[in-house]
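A.B. asks: predicted model, plus sequence, below.
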Amino acid sequence: MFASISSAVLHGAVGHPIRVEVHVGKGLPGFTISGLPDESVRESRDRVRAAILSSALPYPDIRITVNLAPSDQRKTGSGLDLAIAVGILAASGVVDPAAAQAVAYVGELGLDGSLRAIPGVAPMVGSLGDEDVVVPVDSAVEAHVAARGTVRLLQRLDELVAVLNAEQPWPEHEPPAPPPEVTTSADLADVHGQHAARRSLEIAAAGGHHLLMVGPPGAGKTMLASRLPGLLPALDRERALEATMVHSAAGVRLPAGGLITRPPYRAPHHTTSAVALVGGGSGSIRPGEISLAHCGVLFMDEIAEFAPKVLDGLRQPLENRHITVSRSKINVVLPADFLLVAAMNPCPCGGGAPGACRCNAANLHRYLRRLSGPLLDRFDLRVDVHRPGVDDLLASTGGEATAVVAERVRLAREAAVGRQGCLNSRLDGSRLDRFAPLDTGGRAVLRDRLERGRLSARGYHRVRRVARTIADLDPRQPDVIPERAIHLALELRAPFDEALGRVA
Amino acid sequence: MTGASIPGAGYVAALASFDRMTATRLRALLRDRDPQEAYALAAGRVQPSDPIATLFAEYADLAQRWRTEARRHRPADAWRRCVEAGVDVVRPDDARFPAQLLGDPACPAVLFVRGDLDVLDARRVGIVGTRNATQQGRATAARFGAELAEAGVVVVSGLARGVDGAAHRGALSVDGSHPVGIVGNGLDQPYPRQHAELWARVAARGALVSEWPPGTPPDAFRFPLRNRILAALVEVLVVVESRERGGSLITAKEAGERSVDVMAVPGSVHSPASAGTNRLLSDGAAPATETADILVALGLDTRRAGRTRFDPRPAPRGTAAAIVESCRSQPLTLDAVVDSTGLSVADAAMAVARLERDGWLRSTGGWFEAIDEWADLA
């Protein structure tokens, strides 16, 4: 007559446990679902009925009432199908209700009674605590990552009847073959010349400083940016889980081990919409590119070509390292702690050496003004990238390899975290005074720039943060920041918007 | 203001504002006619028997268009604008009209002038070049401007950004110089706006000349027309920097057609800003590497030219001197400085920052350019 089955739904990148209560009783034949289901959940009535009938199981032609508890919360997605079907079978006595209620279920049903994978299995299973959980075979990897109980794999609904009635043991299914491992061949050793840009990548990785590369087409901005994830240390278990949850929720296939252990790299195209970038959508809220880049690198090529509204959407996540997506009926917080690397041309024509630019002043202004001041302020590093010289291209050896630089980055990050508990990019004014003292030479240089109006108060903090990282990358790791670190920090903060009269 | 109180110049200014009004058409309209009559003719209906009817026959809608234009450009308004902007209307029959233009086949029918045209009685050199000039190009223009002014030569240029502005600033740095600016828009609205002060100083010391009345916007098509006046006014034209198809090459071509000597400043084969000037040189223009070259072309005494100014900057030594030297031949990036000196990125950044502080280098868009002693004017 009655069964209460455990399942879960997804909100953003977080799973919520749900009780699926099923009552089968007298009355006119009918099937109602209460408890704030959205359209995708209501559609499961037809799938469940067809799946049960296709599996040659008896379907009760009397009144079926399903309630999804807690009933004040919106439910979305097709992951409740399996739980509803099991609830009906248990309430109508086809399977043993006690056995059915001992396990949780997550998965979508096909009309033929087969089980289908859905996005977000990892966070959903994670939310179920140490309950045992039944998932579709195709979701095996995701479920194993997050499960604390036993994971049971299932291919078809009818397999379940025999198991729950204790006629057969749980079937042993092979998890599907993982996607072929993508070997990233992007090594920093392949980069010829580009001394300043290489250095800025290293500093960005070591201090978590957002990086803006300004340079003509063909200078190698994309190539440089793709080398950045390799410089970042592997994710620890906690961060890896966070990244994995977001990827699972977005329906992105996970690597072989299930866990995302390397910092992700996302490079959305400049036509990307605001919702696709920051996350959202009607009905269910899907993580955007910034959340997929959580714990990794978000590369925005041609950043000036993104719509201003899209760029505005970046400001909150850059500030808070998460994004709150609010809709009228739902409010979701998604993680978005990423390292932003942006690239743009110096001007609409692509520019080059002085005297080569063919842009008129008005076009140049319009182009540079697309990046708002507040967004520009987020970039600690703004480096000019030039086309490499002929000699550099022909040189048989590139620069240092990724592994060498990554080791320096690791040591610098450890030093920063050991000293102040966070990366240098998060140091604010008072903590800068404490953790990033200047020597007399460096102080004089900065004073000179400030007095001549070539440096703003914000720029002053930015330079000190970057200089702190430069000092940390030095094997001696001096406590007091030397003058040459200040000079380099100033050089890697190109005032590319001089034309607008803004100071950095 | 009643019609009777508007002087003829007001009618000329209104006519010059008309769309499709060319120097040739305006000359034809004003020939043997007083301006009021000419205006009435352009604004009204023309008898087919009138000899001026051939003018209208060239272009089908001209009569109709000008009738519309006559409603937009009233002589009273045109005159008021001239008065407010302090602009004189100078026609070829005026004694002030530059004699060099009178015999010219494309002689303007009218000039709008602020300042004193008599300064053109001296020796005249035009200095022109690209707007997107390099630091070196601007410094060269400023040096030529100053040293020519020192020699008593009138510097004529277009008051544009880049080379033009630098030449004017150089000339203005010499006391008692009389630079002349030829522009392509109305004299009431300085263009580019950053040059407003420069316009005022040129008008006060020498003369500002335009073929168009106050209120005329800086349309692209007017600049080549302006260039022909500039070319016709000077004895020697110096092109400091020009890209492959730069506007300065039009001026050089106009000058060539008028038997005005064209000189060009040689530049690096790597610099796009010198592509046009190097082409001029291979086409037979004389090289201008120092002011004395220009003075020789004018047939003037060169003994006093090219005195170097006192340079207060502390001289760089060792690697720093080498960096300045290599930036002189072409702009360098920080990467190139690292490559050529073998310094680390941080040490190279420190070296160029010190040179920048001492005034030896300037950084634009990540490129370092050497600054010579005239850069403060450029």
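C.D. replies: Everything's here; your move.
A.B. asks: so what's whatever residue of the stretch 101-250 of chain B ends up closest to chain A up against?
C.D. replies: Residue nearest to chain A within the stretch 101-250 of chain B: residue B:134 (4.3 Å; C-beta to the nearest C-beta). C-beta: built from backbone N, CA, C; applies to glycine. Contacts of residue B:134 were listed using C-beta atoms under 8 Å, 6 or more residues apart in numbering or on different chains, and they are A:353, A:354, A:355, B:241, B:271, B:273, B:331, B:369.
A.B. asks: secondary structure class for residue A:260?
C.D. replies: For residue A:260, the assignment made with DSSP: H, G, I helix; E, B strand; the rest coil gives coil.
A.B. asks: of all the contacts of residue B:134, which comes closest to residue A:40?
C.D. replies: residue A:353 (57.0 Å; C-beta to C-beta).
A.B. asks: re the thing from before, now the contacts of residue B:134 in TSV, with secondary structure and pLDDT?
C.D. replies: Shown next, in TSV, are these (DSSP: H, G, I helix; E, B strand; the rest coil; pLDDT from 0 to 100):
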residue	secondary structure	pLDDT
A:353	coil	74
A:354	coil	76
A:355	coil	74
B:241	coil	94
B:271	coil	85
B:273	helix	89
B:331	coil	86
B:369	strand	87
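A.B. asks: return the residues of the stretch 51-200 of chain B in contact with chain A.
C.D. replies: Within the stretch 51-200 of chain B, the positions adjacent to chain A are B:130, B:132, B:133, B:134, B:135, B:137, B:161, B:192 by C-beta under 8 Å from any C-beta of the partner chain.
A.B. asks: how about 10 Å then?
C.D. replies: B:130-138, B:161-162, B:192-194 (C-beta under 10 Å from any C-beta of the partner chain).
A.B. asks: could you tell me which of those residues count as buried?
C.D. replies: Applying 16 or more other C-beta atoms under 10 Å in any protein chain shown to those, the neighbour count classes B:130, B:131, B:132, B:133, B:134, B:135, B:136, B:137, B:138, B:161, B:162, B:192 as buried.
A.B. asks: separation between the fifth one and residue B:329?
C.D. replies: Spelled out, that is residue B:134. 11 Å (C-beta to C-beta, to the nearest Å).
A.B. asks: what do these two both touch?
C.D. replies: Taking C-beta atoms under 10 Å, 6 or more residues apart in numbering or on different chains as the contact rule, residue B:134 and residue B:329 both touch B:267, B:268, B:271, B:370.
A.B. asks: most neighbours out of the residues you listed, which is it?
C.D. replies: Among the shared contacts of residue B:134 and residue B:329, residue B:267 has the most neighbours (other C-beta atoms under 10 Å in any protein chain shown), with 25 neighbours.
A.B. asks: residues contacting the residue nearest to it when sequence neighbours are not counted?
C.D. replies: Leaving out its chain neighbours, the residue that sits closest to residue B:267 by C-beta to C-beta, 6 or more residues apart in numbering or on different chains is residue B:274, at 2.4 Å. Residue B:274 is in contact with A:355, B:129-130, B:134, B:136-137, B:239-243, B:264-268, B:281, B:330, counting by C-beta under 10 Å, 6+ apart.
A.B. asks: so which of those are in strands?
C.D. replies: Secondary structure assignment by DSSP state E places B:239, B:264 of the contacts of residue B:274 in strands.
A.B. asks: OK, contacts around the residue most central in space within chain B?
C.D. replies: Nearest to the geometric centre of chain B sits residue B:158, at 1.1 Å (C-alpha atoms, centre = their mean). Contacts for residue B:158 (C-beta under 10 Å, 6+ apart) come out as B:126-129, B:131, B:164-165, B:167-168, B:181-184, B:223, B:226-227, B:229-230, B:247-248, B:251.
A.B. asks: cool, residue A:393 as well?
C.D. replies: By C-beta under 10 Å, 6+ apart, the contact list for residue A:393 reads A:192, A:193, A:387.
A.B. asks: can you put the residues you listed in JSON lines and add pLDDT and neighbour count?
C.D. replies: Shown next, in JSON lines, are the contacts of residue A:393 (pLDDT from 0 to 100; neighbours: other C-beta atoms under 10 Å in any protein chain shown):
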{"residue": "A:192", "pLDDT": "84", "neighbour count": "17"}
{"residue": "A:193", "pLDDT": "83", "neighbour count": "24"}
{"residue": "A:387", "pLDDT": "83", "neighbour count": "19"}
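A.B. asks: return only those of these found close to chain B.
C.D. replies: Checking the contacts of residue A:393 against chain B by C-beta under 10 Å from any C-beta, the ones in range are A:193, A:387.
A.B. asks: what's the closest of the contacts of residue A:393 to residue A:34?
C.D. replies: Distance to residue A:34, by C-beta to C-beta, is smallest for residue A:387 among the contacts of residue A:393, at 64.6 Å.
A.B. asks: and that closest one, which of the three is it?
C.D. replies: Reduced to three states by three-state DSSP, residue A:387 is coil.
A.B. asks: for it, give its distance to residue A:187.
C.D. replies: In this structure, residue A:387 and residue A:187 are 21 Å apart, going by C-beta to C-beta.
A.B. asks: check which residues of the helix-or-strand element of chain B with minimal mean pLDDT are buried.
C.D. replies: One helix or strand of chain B scores below all others by mean pLDDT, DSSP states H and E: helix B:53-57, with a mean of 73. Buried residues in helix B:53-57, counted by 16+ other C-beta under 10 Å: B:55, B:56.
A.B. asks: so who does residue 175 touch?
C.D. replies: With no chain named, the answer covers chain A. Counting by C-beta under 10 Å, 6+ apart, residue A:175 touches A:137, A:138, A:139, A:140, A:141, A:143, A:144, A:151, A:153, A:258.
A.B. asks: oops, wrong one, chain B.
C.D. replies: Going by C-beta under 10 Å, 6+ apart, residue B:175 touches B:149, B:150, B:205.
A.B. asks: nearest residue to the middle of chain A?
C.D. replies: residue A:292 (2.2 Å).
A.B. asks: these two touch, right, it and residue A:263?
C.D. replies: No: using C-beta atoms under 10 Å, residue A:292 is not in contact with residue A:263; the gap is 11.5 Å.
A.B. asks: find residues that contact each of those two.
C.D. replies: A:243, A:338.
A.B. asks: quick one: name the residues of the stretch 201-350 of chain B near chain A.
C.D. replies: Neighbours of chain A within the stretch 201-350 of chain B, by C-beta under 10 Å from any C-beta: B:220, B:241-243, B:245-246, B:267-268, B:270-275, B:330-340, B:343-350.
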